[in-house]
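>>> I would like the atomic coordinates for the input below:
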Amino acid sequence: MSSSNRATKFKSLQKFLQKRYKHAPQTQPRKVLEHLVFAACLENATFEQADNAFSVLEHHYIDWNEIRVSTANELAYTFPHLPDAVAAGDRVRKSLQAVFETTYMFDLEDLKKKSLSQAVEYLESLGVCSRFMIDYTVHNALGGHVIPVDESAMRVFRLLGLAQVSKDNTREEVGGLERAITKQDGHEFANLLHLFAVDFYVGKEQEELQQLLKSIDPQSLQRDWTAPILQVMRPARLVEKPKPAIPLPAMDDDLDGGEEADGGGEVDFIPNPITGEESSFDPDFDDEEGGGTKKSAAKSKPGAKGAKKVPQKPEKTEKKKPAPSA
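This is a model prediction of the structure:
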């Protein structure tokens with residue numbers, strides 16, 4: 001889609017929102033950290049729901065540290081009116097934990113002294129803030145011109161064909177939005193867009209939303225708000241090549257008598273000194289002190305496989321004495 005067509009759709013969406021709502025919700029003045037926590041409550045929720053949840057965090061808990069050490073379920077129990085209270089509680093808890101681990105306090109006012117790029121880099125380095133939380137904080141606390149877009153707003157841009165995959169293929173984005181909507185109209189457009197988008201988030205009434213957006217783009221009736229997610233290209237996993245097998249050194253097996261070794265050597269035959277019969281030479285035979293013992297216990301057992309017959313001396317037969325004569 002050309003940039004001019006995208007800009008036309010953005011302008012048409014802006015006029016549609018201004019016609020549908022007479023007044024845009026006003027953003028309350030807060031500190032930088034408070035804007036970050038409020039954004040965690042506002043994501044995919046109405047302004048009224050987020051205000052109630054943030055009021056609970058301010059008055060129900062002693063301080064930010066008590067919220068930091070609470071669990072996501074404990075926080076969700078205190079503001080059950082949010083669409084996904086457990087996810088919101090987890091965002092609040094993790095953001096406070098990350099800020100405390102980097103600054104050892106609960107104060108982000110120093111970000112106002114930094115450039116916008118440095119502030120964004122710091123918030124991204126926390127590793128726990130969603131894209132909506134970062135953009136909302138930069139937009140409302142630091143004066144940056146960026147329109148925060150959560151999942152509910154992204155559905156609107158998907159149906160209008162304005163959502164696209166980032167250059168690094170890691171996330172969805174809405175390119176050209178800040179160029180089409182001026183900084184002067186940024187606050188109004190962002191709040192009106194959020195007000196409109198969250199009305200269709202919980203109920204997931206896609207057909208009704210498509211009917212409303214067909215005046216801006218008739219092709220929205222043919223689109224699905226989950227289609228761009230399926231087009232995200234993920235880098236292929238690196239497949240490790242199998243390492244070449246290392247040949248193991250040859251090991252000499254304890255072969256039984258009569259079997260050939262790996263080298264295919266010949267078996268020597270020696271004559272039996274008593275019987276004169278030839279028998280194979282057994283190197284494991286140890287004639288130590290005339291005992292004639294075998295080194296291998298298996299070979300010493302009679303009837304064992306491969307066992308050799310140990311030459312034995314013939315038994316002496318006693319001559320019968322002649323019977324005494326009468």
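>>> Do you know the pLDDT at P80?
At P80, the pLDDT value in this model is 85.
>>> Please apply the same query to H194.
96.
>>> can you check I274 too?
54.
>>> go on, E318?
For E318, the pLDDT comes out at 52.
>>> And V165, by the same measure?
V165 is given a pLDDT of 85.
>>> Low-confidence stretches in the protein?
With pLDDT under 70 as the threshold, the chain has low-confidence stretches at 1, 228-326.
>>> just the strands in it please.
164-165, 172-173, 269-271, 278-280, 285-286, 293-294 (DSSP state E).
>>> ok, residues contacting stretch 69-79?
Applying CB atoms under 8 Å, 6 or more residues apart in numbering, the contact partners of stretch 69-79 are 41, 49, 52-53, 56-57, 60-61, 67, 82, 85-90, 92-93. All C-beta atoms are positioned from the backbone trio N, CA, C, and that covers glycine.
>>> Which members of the residues you listed occur in helices, if any?
41, 49, 52-53, 56-57, 67, 85-90, 92-93 (DSSP state H).
>>> show me the contacts for the closest residue to A98 other than its chain neighbours.
In this structure, A98 finds its nearest non-sequential neighbour in L126, 4.0 Å apart by CB to CB, 6 or more residues apart in numbering. By CB under 8 Å, 6+ apart, L126 lies in contact with S95, A98, V99, T102.
>>> Sort out for me which of those residues are in helices.
Judged by DSSP H, helices contain the following of the contacts of L126: S95, A98, V99, T102.
>>> Farthest-apart pair in those, please.
The largest separation in those, counting by CB to CB, is between S95 and T102 at 11.2 Å.
>>> neighbour count winner among those two?
S95 (24 against 12; other CB atoms under 10 Å).
>>> which ones are touching that one?
So S95 contacts L36, V37, A40, L126, V128, C129, M133 (CB under 8 Å, 6+ apart).
>>> repeat for I147
D135, H139, V174, L177, E178, I181, G186, F189, A190, L193.
>>> surely the fourth one meets F10?
Yes. In terms of CB atoms under 8 Å, L177 counts as a neighbour of F10; the distance is 6.3 Å.
>>> Could you tell me which residues touch both of these two?
Counting by CB under 8 Å, 6+ apart, the residues touching both L177 and F10 are L162.
>>> in the chain, which spans are helices?
Secondary structure of the chain (DSSP H): helices at 3-20, 32-42, 47-59, 64-68, 72-78, 85-103, 116-125, 131-140, 151-159, 177-180, 186-197, 206-213, 227-230, 297-300.
>>> right, so of these, which gets closest to T170?
Ranking those by proximity to T170 (CB to CB) places helix 131-140 first, at 10.7 Å.
>>> what does the closest one contact?
27, 30, 32, 35-36, 38-40, 42-43, 91, 95, 116, 119-120, 123-124, 144-150, 171, 186-187, 190.
>>> want to try a markdown table for the contacts of L126, with distance to S215 as columns?
A markdown table is the format used below for the contacts of L126 (distance: CB to CB, whole Å):
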| residue | distance to S215 |
| --- | --- |
| S95 | 38 |
| A98 | 43 |
| V99 | 43 |
| T102 | 47 |
